[in-house]
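1. Give me the fold of what follows.
(one chain, ligands or ions: 2)
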Amino acid sequence: MDTRPARSALYIPGSKDRALDKARGLPVDIILFDLEDAVSPDAKVEARATLAAALSAGGYGPRQKIVRINGLDTEWGHDDAAAVAAMDCDAVLLPKVNSPADLDALAEMIPDLPIWAMMETPLGILNAASIAAHPRLKGFVMGTNDLAKDLTARSRPAMTAALQHCLLAARAHGVVALDGVYNAFKDDDGLAIECAEGRDMGFDGKTLIHPAQVAICNAAFGPSDEDIALATRQIAAFEAAEAEGQGVAVVDGKIVENLHIVTARATLAKAAAIATLEKS
Ligand SMILES: CC(C)(COP(=O)(O)OP(=O)(O)OC[C@H]1O[C@@H](n2cnc3c(N)ncnc32)[C@H](O)[C@@H]1OP(=O)(O)O)[C@@H](O)C(=O)NCCC(=O)NCCSC(=O)C[C@H](O)C(=O)O
Ligand SMILES: [Mg+2]
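-> Ligands and ions are numbered 1, 2, ... in the order given. Okay, here's the model as predicted:
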């Protein structure tokens with residue numbers, strides 16, 4: 001699985017010069033340059049050129065640059081895919097993926113870029129395992145607005161089964177999994193609660209719609225000082241136990257076995273990767 005930080009992924013409307021410029025200075029881990037729902041139909045054709053110009057001007061640093069195109073069943077999808085194939089980006093994100101066949105069609109049009117899938121239709125959720133297993137697939141992005149619409153769901157708990165099902169598929173096939181957006185972009189407390197919930201479920205990060213959401217999200221999905229201190233103590237205690245021929249250590253009254261050390265080392269590696277990204 002890709003181990004680059006993926007705490008925060010901000011959608012930027014591909015049509016908005018000001019937002020495209022603002023994104024250059026934001027401490028977000030992934031930028032989702034959007035040609036789909038953040039762009040109105042009458043701006044879609046021009047947005048392709050606006051986005052291509054912004055990407056070739058550069059300035060986005062080492063963060064991942066992913067372009068979301070319109071669906072291949074729309075009037076814009078094929079031209080978007082052709083344009084993205086020539087853009088300076090790291091991956092392409094396909095909305096409303098229903099089955100691996102949708103990815104095959106895009107993979108043929110864009111032979112060189114990794115593909116990410118929006119998981120946001122009932123059929124796509126049911127097919128999550130076979131979509132995650134696609135050889136070009138590198139990440140899932142939950143589309144909780146579209147999913148709520150199709151399910152006629154009115155709450156996040158109503159989507160828990162779908163979120164967990166996609167996480168299982170992502171983990172089984174080693175792809176990144178990002179939680180959906182929190183629409184109330186001025187409600188910091190609500191965002192923090194939803195970030196913690198997504199993190200505790202196992203998501204790698206969360207998708208965002210406004211720059212003000214980035215810091216809250218990064219804090220929730222990055223290891224805290226306490227997490228780092230605990231991981232460090234667990235590793236030290238386990239190594240000491242091993243040196244005495246023991247397979248188990250005890251830290252804070254809880255057993256620590258080899259499997260916990262795998263998690264502890266992953267926590268420290270994640271903290272180091274974040275520090276490197278934030279320094280650059
Ligand atoms: C939600 C917004 C429409 C709010 O915009 P605005 O009123 O302009 O916000 P502010 O005045 O507070 O903006 C302050 C400055 O920040 C810049 N800005 C705003 N949003 C972004 C952004 N997303 N990326 C980068 N920069 C941004 C403004 O330009 C201001 O800059 P400055 O003037 O220089 O100070 C707006 O935030 C917005 O359009 N957000 C994106 C909405 C979007 O992407 N929607 C589609 C994705 S969600 C989705 O589709 C999920 C999925 O498919 C599903 O089904 O769930
Ligand atoms: Mg959507």
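
2. List the residues that contact residue 135.
-> Residue 135 sits next to no residue when contact means CB atoms under 8 Å, 6 or more residues apart in numbering. For the C-beta atoms, the positions are set from N, CA and C on the backbone; glycine is no exception.

3. and if we set it to 10 Å?
-> Residues in contact with residue 135 (CB atoms under 10 Å, 6 or more residues apart in numbering) are 100, 103, 104, 107, 115.

4. Could you check how far stretch 181-189 is from the centre of its chain?
-> 17 Å (CA atoms, centre = their mean, to the nearest Å).

5. Mind listing what's buried along that stretch?
-> Using 16 or more other CB atoms under 10 Å as the test for burial, stretch 181-189 gives 181, 182.

6. Just the pLDDT for residue 280.
-> Here the pLDDT value assigned to residue 280 is 83.

7. By neighbours, which of the contacts of residue 135 wins?
-> Counting neighbours by other CB atoms under 10 Å, the top entry in the contacts of residue 135 is residue 115, with 22 neighbours.

8. From what I see, it and residue 134 are in contact.
-> Yes: between residue 115 and residue 134 there is a contact at 7.4 Å, judged by CB atoms under 10 Å.

9. circling back to that earlier point, would you mind giving the contacts of residue 135 as JSON lines with distance to residue 26 added?
-> Shown next, in JSON lines, are the contacts of residue 135 (distance: CB to CB, whole Å):
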{"residue": "100", "distance to residue 26": "34"}
{"residue": "103", "distance to residue 26": "29"}
{"residue": "104", "distance to residue 26": "34"}
{"residue": "107", "distance to residue 26": "30"}
{"residue": "115", "distance to residue 26": "25"}
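
10. what's the closest of these to ligand 1?
-> Nearest to ligand 1 among the contacts of residue 135: residue 115, at 16.1 Å, using CB to the nearest ligand atom.

11. So what pairs up with the closest one in the strands?
-> Here residue 115 sits in beta bridges with residue 92, residue 137, as judged by DSSP bridges.

12. tell me the contacts of it?
-> 66, 91-94, 97, 102-103, 106-107, 131, 134-139.

13. Just the buried ones out of those, please.
-> Of the contacts of residue 115, these count as buried by 16+ other CB under 10 Å: 66, 91-94, 97, 102-103, 106-107, 131, 134, 136-139.

14. from these, which is closest to ligand 1?
-> In terms of CB to the nearest ligand atom, no member of the buried ones among the contacts of residue 115 lies closer to ligand 1 than residue 93, at 9.5 Å.

15. Isn't residue 8 up against residue 205?
-> Yes: using CB under 10 Å, residue 8 makes contact with residue 205 at a distance of 5.8 Å.

16. can you pull out the strands in this protein?
-> For the chain, the strands defined by DSSP state E occupy 8-13, 30-34, 64-68, 91-94, 115-119, 137-142, 176-179, 205-208, 249-251, 254-256.

17. Pull up the pairing partners for the third one, direction included.
-> Listed by DSSP bridges, the sheet partners of strand 64-68 and their directions read strand 30-34 (parallel), strand 91-94 (parallel).

18. quick one: the first one to chain centroid distance?
-> It stands for strand 30-34. How far strand 30-34 lies from its chain's middle: 10 Å, per CA atoms, centre = their mean.

19. Now look at that strand and say if it contacts ligand 2.
-> No: using CB under 5 Å from the ion, strand 30-34 stays clear of ligand 2, coming no nearer than 9.9 Å.

20. So is that strand next to ligand 1?
-> Yes: Strand 30-34 reaches ligand 1 (CB under 6 Å from any ligand atom) through residue 34.

21. With only the CA atoms kept, save that strand in PDB.
-> C-alpha atoms of strand 30-34 as PDB (Å, rounded to 0.1, in the frame of the first residue of the first chain):
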ATOM      1  CA  ILE A  30      -3.600  15.300  -1.200                       C
ATOM      2  CA  ILE A  31      -5.200  17.800  -3.600                       C
ATOM      3  CA  LEU A  32      -8.300  16.500  -5.400                       C
ATOM      4  CA  PHE A  33      -8.500  18.800  -8.500                       C
ATOM      5  CA  ASP A  34     -12.100  18.500  -9.400                       C
END
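
22. got the buried residues for it?
-> 30, 31, 32, 33, 34.

23. For these, please prepare CSV with the additional fields pLDDT.
-> Formatted as CSV, the buried residues of strand 30-34 follow (pLDDT from 0 to 100):
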residue, pLDDT
30, 98
31, 98
32, 98
33, 98
34, 98
